Structures are given as structure tokens and as C-alpha cells.
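Trainee: need a structure here:
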Amino acid sequence: MGLNSVRWVLQHGGKGSTVFALPIFPLPDLIKYNQTCTPSVTHCVTTFYFPMSMAVAMTFSVHETDHSKHKTSQRLRWSVALMVTIHLALGLHAAAHLSPTNDEYWHLGIGVDILKTGRFDQDTINPPLVRILTALPTLPLSVGYTSDGIAPGDTSAFGDRLVDAATCEPVWLWFSGRCVVLGFSLAAGLVIVTWSKEVWGDHAALVSGIFWFLNPAVLGHAALVTHDIPAAAMFVICLRTAWAFGRNPSVLRATGIGVTLGLALLTKFTAVLLVGLIPVIIFIAWNGFPDGTARGTLRQSLKLAACACIVAAVSCLVLNLGYMGTGFGTSLAAAAPASQLLRTFADDFPDFSQLPLPLPVDWIKGVDQLRIIMEHQHPVFLNGEWSFEGFRSYYLWGLLYKTGLGFQLFVIIGLVIGLVTSSSRNAASNRAEGTSRRCVSCCLVVVIALTTIASLGRNQLGLRYILPLFPFLAMMAGASFVRISAHRTTCIAVCTMALLSAGWSLRHHPNHIAYFNELSGGPRGGHLHLIDSNLDWGQSLLQLAAYLEQSNLQLDGLAYFGSAVPTDWGIASTPLPPELPEAGCYAVSVNFVMGRPHVVRNRERLIAINFAQYSYFRQLQPTATVGESIYVYEVSSQDAANVRFKSGMPPLPPVH
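Mentor: Next comes the predicted model:
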């Protein structure tokens, strides 16, 4: 998606419209990346971001009167263009410096395989749209790719084959795919800005845009070939269309809901929740039947029923087109479900399970595989405790720890101000406040629904599972401007606070995945509260290779959490660290330090890492932290002996 699209997305149109020109700033030159794997952002922050933040805040402090309305809209376009530029620059820089994370290693390989073979059954746990789109730009860079001989279920082997077929450095394959995901992030941000502008005005749109485009949780996943940011984008686009339908129903808008719902279902299975959320959003936005007569009400009701049929038909059509029509009309029984939920449903309703379904068979199997994963136990870590059943408060703590404190403050203020009713004799003001309350209510419904459903599951491995609620949190933050936009001094303070708090949260670039706010101790203290994809998802392998080269270190042991094979990414073949402390130089992923069980890969086999196998490293002080997710230890014989003594382990064998 081109940046010039900001022009037609944001401007009102009409005779007074101004042609938009995008300001391009040399951000990659400002954001220096040194070989010690510590991003040097001081120059960027002091010479560019904070002065620009103050300038934008002062610019938007002007009260929007009839004479300045056009100027304010023009300021919004320029400010959003600036945020888009920063978002792109930071995202592209991170995309070029992060190694493939645990899941994206096979996502991209499977996407290439789908394009090469036309099959969708390699790994049905995720729908194919994101994989296909991200794989398209990699085709010229992997012409020799083949999946012949890959064993069923060995999803990581698809990533290995892609690395083998690369005609360039492997990181550029993932970089090209990550650019597509950045496009989804930009699309989501522009929808957030335009929706907020429609409901609350330019000032709210600016604040909402700040807390999306400059949000470390968003940037961390916008630079990855995963389904989370595209799912968030499709959520806000689909529900924005539903909101528009509720305000003014039409067949065209119903068709739009069907198209966006179908695309969302092709993006991630979490989008199934949209089937329930869409009617709720329409109901909240509903203005009632314009014709109060019985005949008019009946006519409008029939129109709504027809629109519902259009939504169902169009979404099913789009979903089947995404799978190229394969497996259409397969019954649930023929799909042979293995999950307890679908198998029980098929047994309890045998007649229904024999009916052909208007869904692709691989999509049905994907839902079944997802249910199997959700029914199994997973090791979940929260605030120093482990659980195989999950924590009901996991995502609430996650939001508390991994979102900026300024963002949290704005969301709370926007929620309170947006829902509280003020007395006004002005009919226009009352209508505007009614629309504001409805929009805040829609956002709140989405946030509560996603958080509640995710909290009831066992598969609590990262805040990314509720990333689709972040667009609605950003809009709620924008609602804080509902009653203060007429006060110039307050506008200056609020805009400055929003920009500076967002800028402060970006200081850990490019390690946005590992971002934790000050309340939780920052990235260095985050491992005491949350791990997995909240902190360590295998993203720091390239940074580790650069650190070892710059420090001239030779590892005696490496325990890397991720699907990529370290020898493919510039790290010499290294054994695992010993299970009992010994002298040497070791690099250990934070997940393993905190005791998480997993596997370590090489090209020949998988090696199981048991629960708490490397937790003895918690008693040692790392000499370096690489990418905030890999700890480097230089252990002396005395250090090893002390840890063994304190832990009741056998002493070190005597040295002869």
C-alpha cells in the first residue's frame, strides 16, 4: 500500500481539498544500529522525535473553528503522514535486523509451498491468506525451492528448505514478507484514524493514530511474518464496515461486511468471533427504522434479513475463493474431526454432520486442529508461577505490563469521558455525544469479548493472541478528546503527553517484542512476569551472531529458543550447555533460563529441553543481554562450584 494513499483516505474531498505531499525523513540514518546489538536511539530522540513531537502538539492546539477547520484537517494529514513515516522506518529497520521468530520460520516456507504446489494441507492450523501474500515477494529470491521429502507434521522443514533455496542472505526473504505485514499495519492505522475522526474529530484522530503507529506492541508484530497484525487489521476494517452499516444500512455495505468477514476468516481463526461481534456492533450503532409505520418497519426488516443473507453468502464465497474452491461441500463427518468439541458435536448430531458444508475442508480441519491445541495443556508463566491450566488474569496482567503507562492513562480517560453523559440543550451536541457513547461502547464490547474468551483458554503464550483489540484501545484513547478539544492549553498538554509517552516507549528499538513498561521493570525485568512471545520468541539470533563476532567470543554452549537453526544464521555449531553448572561461555534464551520446556532444533533432530533444565542460570549474573531475549554467561569454575553448592548438586569433578 503506497503512502500517497494517506491523501485520499484522510482528506474530505471537495473544492477546498489540498493535494497531499508526503514528507520523507531519513529515519534509517537517524536510528543507528551498532554491532553490540544495543540500538543507539539517543541521536534520533534528541534531534528528531521530541522536537517534532512538540511541534505537532503545538500545531494541533489551535481551536477548530469554522475558519480553521480546513487547516486542521490539513494538519491531520501531515501529522498522520509523519507517523506513517516513523512507523514504516522503524518497522523496516526491525524487519531487517531480527531473525525469524519461532512461528514465522515456517509460515513463510509454507506460503511459498502453497504457491508452488497449490495445496493447503501442509499445516491447517492457520488460514492461507497471510502466508500467500507474504510469500509472493519471496518467489524471485527462492526459485529453487522444493518441499519433496518433507515428513508430514514437520513444519519447520519448510523454513529449512526456504533457507536452502535462498539466492540471497536468508534474512532478506523474511524481510520481503514482513513488508507485506507492515502494509496491514498501515491499513489498520488509517482505518483507526478515519473512524476516530468521523466520531470525535481531528484531535481524537491524532491521538488514536499516535497510540497505534507508535505502539511497541504493534511495531513488534508488524515486523514479523505472522497472522496477528493482519488479524487486528481485518478486525477493525470489518467492524468499521459493520458500524457504517448500522448507521445507514445498504446492500453495498452488507456486501462490504461479507467481503471483509471472508478475508478475516482467511487471515486467522480468531476471526470466527466476528460472526458474533458484527450483529452486536450493528445493534449498538443502529439508528432505528426511519419509517415508523408497521408497513415501513416490515419492509426494513425484510431488507435487513436480505442483507444478512448477502453477508453470509459473500463471506462464504470469499472464504472458498481463498482456498481455490478445494474441499467445498465436505461434511463435518467426512472431515473426520479429532478434537473433543467437534467430535462430540458430530456424534450428538449425526444427521447434521452428514450435511455438506459451504466451507473449505482444510478450513474445517484447521478449526479442528486449533481446538486440539486449545484442549491440550501448555506451560504458562505469570508473575513467577507456572501453570498448565492457564491463568484467568493472564491477559489483564499482560496489558498492564506490556502497554505504555501513558497509553493506559489515555484509555482510562477516554473510557470515562466517552461514556459519561453531560447535560446539554443543544440537539446537535446531544447527537454527537450519543454517537460518541455508542462508539466507545462498541470498542469496549470488542475489548471485553476478546479478553474474556482468551482468558478462558489454556494456550496463553503471549499478548499477541489479543492483538486485535489494540485498534479499539487506540480509539478509546482518542475519545479522551471528546470534551477538551475547545481548550487550547489543554490540547497542548494532552497532545504533548501522548506524543512524548509514545516516543518514550520506542526507546528499546528494534526490540519491540521484548517491551515492558516501567511498572514491570522494563525489558530487563519483564522475565519475572511474562515470557514466551511476550519477550523471547527467537528474534535475536542475528544480534547474537553480531555480538559474538564483535566481542570475539567462542561459545561453549547455546540453548536457543526458536525454529531457525543457528548454523544457518552465522553462528558456529555449538553443543547445548551442560545440565549441571560448568565453567565456560554460554548463551541461553530467556525462556530456558526461566525454566520453560521446549525443543532445540538442528538439521538432524529435535532435542527436548526439560522443565527447569537450565534454571540454574538464574543464580548467575549474565555478562551481556542480546536483543533483550538471550543472556550470555561467562561462568568461572568458582561460579559453577558456588551454584552447585547452593543448589545441592554434586560438586565439580577434580581437575587432573
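Trainee: make sure L555 is indeed in a helix.
Mentor: No: if the criterion is DSSP: H, G, I helix; E, B strand; the rest coil, then L555 is coil and not within a helix.
Trainee: now do the nearest residue to it once chain neighbours are set aside against E518, distance only.
Mentor: In this structure, L555 finds its nearest non-sequential neighbour in T574, 4.8 Å apart by CB to CB, 6 or more residues apart in numbering. The C-beta positions use only the backbone N, C-alpha and C, and glycine is treated the same way. T574 sits 35 Å away from E518, going by CB to CB, to the nearest Å.
Trainee: which one's more surrounded, those two?
Mentor: Just comparing T574 and E518: by other CB atoms under 10 Å the higher neighbour count belongs to T574, 19 against 11.
Trainee: what residues does that one make contact with?
Mentor: Neighbouring residues of T574 by CB atoms under 8 Å, 6 or more residues apart in numbering: 555-558, 566.
Trainee: that's a strand at it, yeah?
Mentor: No: per three-state DSSP, T574 lies outside any strand segment and is coil.
Trainee: so what pLDDT did it get?
Mentor: On pLDDT, T574 comes in at 92.
Trainee: could you check how far it is from T226?
Mentor: 27 Å.
Trainee: about what we covered before: what's the closest of the contacts of T574 to V445?
Mentor: For the contacts of T574, the residue nearest V445 by CB to CB is P566; the value is 44.9 Å.
Trainee: any idea of the pLDDT on the residue nearest to the closest one when sequence neighbours are not counted?
Mentor: Excluding the flanking residues, the one nearest P566 by CB to CB, 6+ apart is Y560, at 5.5 Å. Y560 is assigned a pLDDT of 97 by the prediction.
Trainee: with A479 instead?
Mentor: For A479, the model assigns a pLDDT of 89.
Trainee: for G570, grab the count of nearby residues.
Mentor: The tally of other residues near G570 (other CB under 10 Å) stands at 17.
Trainee: and for S540?
Mentor: When neighbours are counted by other CB under 10 Å, S540 registers 31.
Trainee: hmm, it is touching L98, no?
Mentor: Yes: between S540 and L98 a contact is recorded at 7.5 Å, counting by CB atoms under 8 Å.
Trainee: what lies in contact with whichever strand or helix holds K646?
Mentor: Using DSSP states H and E, the element containing K646 is helix 637-647. Residues outside helix 637-647 that contact it (CB under 8 Å, 6+ apart) are 580-583, 616, 619-620, 649-652.
Trainee: rerun that using 7 Å as the cut-off
Mentor: Helix 637-647 has contacts (CB atoms under 7 Å, 6 or more residues apart in numbering) with 580-583, 616, 619-620, 650-652.
Trainee: let's see if you can find the most crowded of the residues you listed.
Mentor: Of the contacts of helix 637-647, with other CB under 10 Å as the count, P581 tops at 25 neighbours.
Trainee: next one: that residue from I150, what distance?
Mentor: Separation of P581 from I150 (CB to CB): 39 Å.
Trainee: same thing with F391?
Mentor: Distance from F391 to I150, by CB to CB: 36 Å.
Trainee: next one: the helix or strand harbouring A89 to chain centre, how far?
Mentor: Secondary structure from DSSP H and E places A89 in helix 69-97. Relative to its chain's centre, helix 69-97 lies at 19 Å (CA atoms, centre = their mean, to the nearest Å).
Trainee: and it, what's its mean pLDDT?
Mentor: Averaging pLDDT along helix 69-97 yields 86.
Trainee: for stretch 323-335, same thing?
Mentor: Stretch 323-335 comes out at a mean pLDDT of 93.
Trainee: so which bits of that stretch are buried?
Mentor: The neighbour-count check on stretch 323-335 (16 or more other CB atoms under 10 Å) flags 323, 327-328, 330, 332, 335 as buried.
Trainee: can you tell me which two in those residues are farthest apart?
Mentor: Y323 and L332, at 16.6 Å, using CB to CB across the buried residues of stretch 323-335.
Trainee: at which residues are the strands of the stretch 351-500 of the chain located?
Mentor: With strands called from DSSP state E, counting those that start in this stretch, the stretch 351-500 of the chain shows them at 380-382, 385-387.
Trainee: can you tell which of those strands is closest to G406?
Mentor: strand 380-382 (24.1 Å).
Trainee: direction included, what does the closest one pair up with?
Mentor: strand 385-387 (antiparallel) (DSSP bridges).
Trainee: could you list the low-pLDDT ranges of the stretch 251-400 of the chain?
Mentor: Along the stretch 251-400 of the chain, the model assigns pLDDT under 70 to residues 289-293, 296.
Trainee: ok, longest helix in the chain?
Mentor: Determined from DSSP state H, the single longest helix within the chain is helix 170-200.
Trainee: now the following helix or strand past that one: how far from the chain's centre is it?
Mentor: Using DSSP H and E, the helix or strand that follows helix 170-200 in sequence is helix 202-213. Relative to the centre of its chain, helix 202-213 is centred 18 Å away, using CA atoms, centre = their mean.
Trainee: right, and the helix or strand after helix 202-213?
Mentor: For helix 202-213, the succeeding helix or strand toward the C-terminus, using DSSP H and E, is helix 216-222.
Trainee: and that next one, what's its mean pLDDT?
Mentor: Averaging pLDDT residue by residue across helix 216-222 gives 96.
Trainee: restricting to C-alpha, output that helix in CSV.
Mentor: This file holds the C-alpha atoms of helix 216-222, laid out as CSV (Å, rounded to 0.1, in the frame of the first residue of the first chain):
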residue,chain,number,x,y,z
PRO,A,216,5.7,-1.0,20.7
ALA,A,217,3.2,-3.9,20.8
VAL,A,218,2.1,-3.1,17.3
LEU,A,219,5.6,-2.4,15.9
GLY,A,220,6.9,-5.6,17.5
HIS,A,221,4.5,-7.7,15.4
ALA,A,222,4.1,-5.5,12.4
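Trainee: helices or strands up against that helix?
Mentor: When contacts are defined as 3 or more CB pairs under 7 Å, 6 or more residues apart in numbering; DSSP states H and E, helix 216-222 sits against helix 69-97, helix 170-200, helix 228-247.
Trainee: what residues does the shortest one touch?
Mentor: Contacts of helix 228-247 with the rest of the structure, by CB under 7 Å, 6+ apart, involve 130, 181, 184-185, 187-188, 191-192, 195, 221-222, 253-254, 256-257, 260-261, 263-264, 267-268, 270-271, 274, 277-278, 281-282, 284-287, 442, 446, 464, 467-468, 470-471.
Trainee: now do 6 Å
Mentor: For helix 228-247, contacts defined as CB atoms under 6 Å, 6 or more residues apart in numbering pick out 130, 181, 184-185, 187-188, 191, 195, 221-222, 253, 256-257, 260-261, 263-264, 267-268, 270, 274, 278, 281-282, 285-286, 464, 467-468, 470-471.
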